[in-house]
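Asks: sequence first, predicted model second:
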Amino acid sequence: MPQLVLKKADGTHHFKVSGKAALLDELSESGFPLNFSCRKGDCGQCAATPLSGEFAVLNIAVPWQQGSQILLCNARAVGDVAIEIEHLPELEDIRHQRSPCKIVQLNKLSANVLEVLLRLPPNAGFRFLPGQHVRLTNRAKVTRSYSLAEPPNPDNLLRIHVRRMEEGAFSHYLFHEAAANDLLHLEGPAGTFFPRKSLAAKKLIFLATGTGIAPIYAILLNLASAGRLPGEVTLIWGNRRREDAYLDDALKALQLKFPFHYRCLYSREAAVDAGPRHVQDVLLEKDLLDAVVLAAGAPEMVRDARSHCCKLGLPEANFLADPFTSS
């Protein structure tokens, strides 16, 4: 059988792989913890750097490469291979775990967005970084990933924002069937969508569409609680219509605590001015020198934003993304 050599900061790991399945699946079956979310090639959470050997795509209909990296959810080994996974010191004290959790409360934030409050067992010791996500499984065995919408709170509750989706099995459950005290299974935290200490920049630019604002809101609240900004902070949030901007008042209130630039765009309403109506197009107005861009929301927005940033000379490592898929 082919051998996979995986290099991380904590050492080198060796695995036997079949070469017939996605490397993400083969590594997961071995019990090795990896970041992933969508398994569709959209989120980029399972990206790794190829070091040697040959890799092939499993499903040509979905992405399997991201810049110079490969996506382990859609790549298989062709013979012996070696890969490297980025080491992030921020994650050293974060423990990936599995636990039951209970729905405490369901709050409608708008006609189509629901806030779900979750409680873990008292001894869970769950720690996460603002910007990370969890995977939830309901009693029908439907599993979806959701970003945590606030940083750790004294009440120890976890908060997620869920948009109603016509074909979304999990959102249908939450909007039409779920009730307080329902038990779910939680796995996490996971994800690398958070500002890096290694990417200290003078400008942080956040791009969000829809409920992609949730992890960014958590990061902004965390910055506000720290009492100081890492530099100039800009948030551009895109929605279809004004009634979809369910956190607009909360974001404006947050601006009173610390100054950041905030702009909300509406793609399906008449624009007040002749400016951009899509968040990724705002990048064309920005100077990306010494900037880090964090984009969360629709995969199409993330792809376009990544392309714009590349053309504008932003280093690949300075673009962090969390594409949201329907759930």
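Replies: Received it, and whenever you're ready, just let me know what you need. Numbers count the residues shown, from 1 in each chain.

Asks: give me the distance from stretch 234-242 to the chain's centre.
Replies: Centroid separation between stretch 234-242 and its chain, computed with C-alpha atoms, centre = their mean, to the nearest Å, is 17 Å.

Asks: next: stretch 244-253.
Replies: Using C-alpha atoms, centre = their mean, the offset of stretch 244-253 from its chain centre is 20 Å.

Asks: I figured Val292 hits Ala201, correct?
Replies: Yes. Using C-beta atoms under 8 Å, Val292 is in contact with Ala201, at 4.6 Å. To be clear about C-beta, it is placed using only N, CA and C from the backbone, and glycine gets the same treatment.

Asks: send the alpha carbons of the helix or strand harbouring Leu265 over as PDB?
Replies: Take DSSP states H and E as the rule and Leu265 turns out to sit in strand 261-266. Provided in PDB are the C-alpha atoms of strand 261-266 (Å, rounded to 0.1, in the frame of the first residue of the first chain):
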ATOM      1  CA  HIS A 261     -15.100  51.100   9.400                       C
ATOM      2  CA  TYR A 262     -18.400  49.500   8.600                       C
ATOM      3  CA  ARG A 263     -20.300  49.400   5.400                       C
ATOM      4  CA  CYS A 264     -23.400  47.300   4.500                       C
ATOM      5  CA  LEU A 265     -24.300  46.600   0.800                       C
ATOM      6  CA  TYR A 266     -27.500  45.300  -0.700                       C
END
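
Asks: buried stuff in that strand?
Replies: Within strand 261-266, the residues scored as buried using 16 or more other C-beta atoms under 10 Å are Tyr262, Cys264, Leu265, Tyr266.

Asks: low-confidence ranges, the stretch 1-150 of the chain, go.
Replies: 33, 37 (pLDDT under 70).

Asks: ok, now which ones touch Asn138?
Replies: Taking C-beta atoms under 8 Å, 6 or more residues apart in numbering, we find Asn138 in contact with Phe170, Tyr173, Ala178, Asp182, Leu184.

Asks: nearest residue to Pro121 in space, please, no chain neighbours.
Replies: Closest residue to Pro121 apart from its sequence neighbours, by C-beta to C-beta, 6 or more residues apart in numbering: Ser99 at 6.4 Å.

Asks: and the next helix or strand past the helix or strand hosting that neighbour?
Replies: If you go by DSSP H and E, Ser99 is part of strand 97-108. Counting by DSSP H and E, the next helix or strand C-terminal to strand 97-108 is strand 113-119.

Asks: ok, that next one: who's next to it in the sheet?
Replies: strand 97-108 (antiparallel), strand 157-163 (antiparallel) (DSSP bridges).

Asks: right, so those: which one is the most enclosed?
Replies: strand 157-163 (a mean of 22; mean count of other C-beta atoms under 10 Å).

Asks: just how off-centre is that one within its chain?
Replies: Worked out by C-alpha atoms, centre = their mean, strand 157-163 lies 13 Å from the chain centre.

Asks: wait, isn't Ala124 in contact with Arg98?
Replies: No. When contacts are counted by C-beta under 8 Å, Ala124 is not listed as touching Arg98 (10.2 Å).

Asks: so after the strand holding Leu265, what's the next helix or strand?
Replies: helix 279-282.

Asks: from the contact counts, what lies against the strand holding Leu265?
Replies: Strand 261-266 sits against strand 232-239, helix 248-255, helix 279-282, with contacts defined as 3 or more C-beta pairs under 8 Å, 6 or more residues apart in numbering; DSSP states H and E.

Asks: ok so, going back, Ala82 is nearest to which of the strands paired with strand 113-119?
Replies: strand 97-108 (29.0 Å; C-beta to C-beta).

Asks: the strand holding Leu265: partners in the sheet, and parallel or antiparallel?
Replies: Partners of strand 261-266, by DSSP bridges, with direction: strand 232-239 (parallel).

Asks: now the partner strand: mean pLDDT?
Replies: Mean pLDDT, strand 232-239: 94.

Asks: how far does it sit from its chain's centre?
Replies: The answer for strand 232-239 is 16 Å, by C-alpha atoms, centre = their mean.

Asks: and stretch 294-310, C-alpha only, in CSV?
Replies: Listed in CSV are the C-alpha atoms of stretch 294-310, where the atom choice follows Å, rounded to 0.1, in the frame of the first residue of the first chain:
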residue,chain,number,x,y,z
LEU,A,294,-10.8,37.5,6.1
ALA,A,295,-13.8,36.5,4.0
ALA,A,296,-16.8,34.5,5.2
GLY,A,297,-20.0,33.7,3.4
ALA,A,298,-21.1,32.6,-0.1
PRO,A,299,-18.4,30.4,-1.8
GLU,A,300,-18.8,32.6,-5.0
MET,A,301,-17.9,35.7,-3.0
VAL,A,302,-14.9,34.0,-1.4
ARG,A,303,-13.6,32.8,-4.8
ASP,A,304,-14.0,36.2,-6.4
ALA,A,305,-12.4,38.0,-3.4
ARG,A,306,-9.5,35.6,-3.4
SER,A,307,-9.0,36.3,-7.2
HIS,A,308,-9.2,40.0,-6.6
CYS,A,309,-6.7,39.8,-3.8
CYS,A,310,-4.3,37.8,-5.9
